[in-house]
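J.: Here you go, sequence then predicted model.
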Amino acid sequence: MKILVVGGAGYIGSHAVKQLTENQIDVIVIDSLETGHIESVPSNVPFYQVDIRNKSAVKEILEKEKVDGVIHFAANSLVGESMSNPLKYYNNNVGGTESLLEALVETGVKYIVFSSTAATYGEIATMPITEDMTTCPTNTYGETKLAIEKMLKWTHGAHNLNYVCLRYFNVAGADFSGTIGEAHTTETHLIPLILQVPLGQRSHITVFGQDYPTEDGTCIRDYIHVTDLVNAHILALKYLMNGGESNIFNLGSNSGYSVLEMIEAARKVTGHPIPMQIGERRVGDPALLIASSEKAKRVLGWEPQYTAIEEIIASAWKWHQAHPHGYKEV
Ligand code: UFG
């Protein structure tokens, strides 16, 4: 089996490449390197620096490499930026995927696993969130991912392209080897920002609001370890290749932690006091997001292994300690 990982030099993509190769699956990678890191791609994996909007280049690679399936991670994914620059997100996420799908259809590729998001749901009143609940995104990022899910549905109806959309909740942690991890130029995620305090890169962590209708007043999120997350992609590919119907699955851990609980867990893991300040709410943050992943467990046979929050943070801490400036040697 040969799999093309699109966006394979990014945070989640690089973990997928590692796990696929460890499972003796042939992998090739396409990445524009706009936000990805070439250092995260193993030197023995064929790598093409190509933007997915360049259809002729993507087609050439597909014709040469003859892949059996695709995992598609390539996207812009900053919620705040998607609100100030929505057309960038429509152009790269929606336009890029449209171009990629044309290339797949024209070269006869039959299977795609797509990186979607819990941001497709928007504000949901009932927890845990199941896949049949209303999708009403509150930001452009989620809207573009939902548009792609719909594009896949209609493309599947017209062409023999079978898909699985995986709606991620809060992806976190790093491969336990400590060799690859999260390295964003613009960091907005809670765990890496908390860990910048014990690394000496910031004085404190700001909690975005303590007046939410939760027990301690801070937002609750469902954190899932990146290794468990990418494992679901391999299961999804196998499911499709065994004749499974096109489908959508949530990926989370069915449990939630508040921002204060996350800071406390990081204090335990790092042994650092991690000072904090309570700040204003961040616009667009729902109080509570918890996934039901029962469908992924039942249909794909997926079982997350690393659900303890200290273990998730410890894996991120190992990566950030060894690479305080990400892949850059500073
Ligand atoms: N937070 C803080 N302080 C910070 C950073 C974050 O208090 O400095 C809080 C946020 O307000 C939120 C929680 O920590 O309540 C988690 O924030 P993240 O930015 O780490 O993650 P989000 O839940 O906002 O978003 C994540 C992904 C999105 C995806 C979304 C889907 O980053 O791409 O989950 O649920 F769309």
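T.: Thanks, I have the structure now.
J.: how about residue 96, secondary structure?
T.: For residue 96, the secondary structure call by DSSP: H, G, I helix; E, B strand; the rest coil comes out as helix.
J.: Same question for the one 4 residues further on.
T.: When the structure is split into helix, strand and coil by three-state DSSP, residue 100 lands in helix.
J.: close to the ligand, is stretch 250-259?
T.: Yes: judged by C-beta under 6 Å from any ligand atom, stretch 250-259 comes into contact with the ligand at residue 259. Just so you know, the C-beta spots here come from the backbone N, C-alpha and C atoms, and that holds for glycine as well.
J.: Give me the below-cutoff pLDDT ranges for the protein.
T.: Judged against pLDDT under 70, the low-scoring parts of the chain cover residues 329-330.
J.: Could I get the full set of strands for it?
T.: Remark: strands assigned in the chain by DSSP state E are 2-6, 26-31, 47-49, 69-72, 111-117, 162-168, 170-172, 205-208, 220-221, 223-225, 247-251, 257-258, 276-279, 288-289.
J.: Dump those strands into CSV; add mean neighbour count as well.
T.: As requested, these are arranged in CSV below (neighbours: other C-beta atoms under 10 Å):
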stretch, mean neighbour count
strand 2-6, 25
strand 26-31, 24
strand 47-49, 17
strand 69-72, 25
strand 111-117, 25
strand 162-168, 25
strand 170-172, 22
strand 205-208, 18
strand 220-221, 22
strand 223-225, 25
strand 247-251, 24
strand 257-258, 22
strand 276-279, 13
strand 288-289, 21
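J.: which one of the ones you listed lies closest to residue 90?
T.: Each of the strands of the chain has some distance to residue 90 by C-beta to C-beta; the shortest is strand 111-117, at 15.6 Å.
J.: what residues does the stretch 151-300 of the chain put near the ligand?
T.: For the stretch 151-300 of the chain, the contact set with the ligand under C-beta under 6 Å from any ligand atom comprises 169-170, 188-190, 193, 205-208, 219, 221, 259, 282, 285, 289.
J.: May I see the buried residues of the longest helix along the chain?
T.: Here the longest helix in the chain is taken by residue count, with DSSP state H as the criterion, and it is helix 140-158. By neighbour count, with 16 or more other C-beta atoms under 10 Å as the criterion, the buried positions of helix 140-158 are 140-149, 151-152, 155-156.
J.: Out of those, flag the one nearest to residue 133.
T.: Residue 133 lies nearest to residue 146 out of the buried residues of helix 140-158, by C-beta to C-beta, at 12.7 Å.
J.: separation between the closest one and residue 46?
T.: Relative to residue 46, residue 146 is positioned 32 Å away (C-beta to C-beta, to the nearest Å).
J.: Up against the ligand, what does the stretch 1-150 of the chain have?
T.: Where proximity means C-beta under 6 Å from any ligand atom, the interface of the stretch 1-150 of the chain facing the ligand comprises 77, 79, 117, 118, 119, 141, 142.
J.: Go again with 8 Å.
T.: Applying the criterion C-beta under 8 Å from any ligand atom, the portion of the stretch 1-150 of the chain that neighbours the ligand consists of 77, 78, 79, 117, 118, 119, 121, 139, 141, 142, 145.
J.: Can you pick out the most distant pair from the residues you listed?
T.: Put simply, by C-beta to C-beta the two of those set farthest apart are 78 and 121, 18.5 Å from each other.
J.: need the strands of the chain in a markdown table with distance to residue 134, can you?
T.: Supplementary listing: these in a markdown table, determined by distance: least, C-beta to C-beta, whole Å:
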| stretch | distance to residue 134 |
| --- | --- |
| strand 2-6 | 29 |
| strand 26-31 | 34 |
| strand 47-49 | 39 |
| strand 69-72 | 25 |
| strand 111-117 | 15 |
| strand 162-168 | 13 |
| strand 170-172 | 21 |
| strand 205-208 | 25 |
| strand 220-221 | 20 |
| strand 223-225 | 22 |
| strand 247-251 | 13 |
| strand 257-258 | 25 |
| strand 276-279 | 30 |
| strand 288-289 | 14 |
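J.: rewinding a little: with distance to residue 177 added, can I get the residues of the stretch 1-150 of the chain next to the ligand in JSON lines?
T.: Formatted as JSON lines, the entries for those read as follows, by distance: C-beta to C-beta, whole Å:
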{"residue": "77", "distance to residue 177": "24"}
{"residue": "78", "distance to residue 177": "27"}
{"residue": "79", "distance to residue 177": "29"}
{"residue": "117", "distance to residue 177": "26"}
{"residue": "118", "distance to residue 177": "27"}
{"residue": "119", "distance to residue 177": "29"}
{"residue": "121", "distance to residue 177": "33"}
{"residue": "139", "distance to residue 177": "34"}
{"residue": "141", "distance to residue 177": "30"}
{"residue": "142", "distance to residue 177": "32"}
{"residue": "145", "distance to residue 177": "29"}
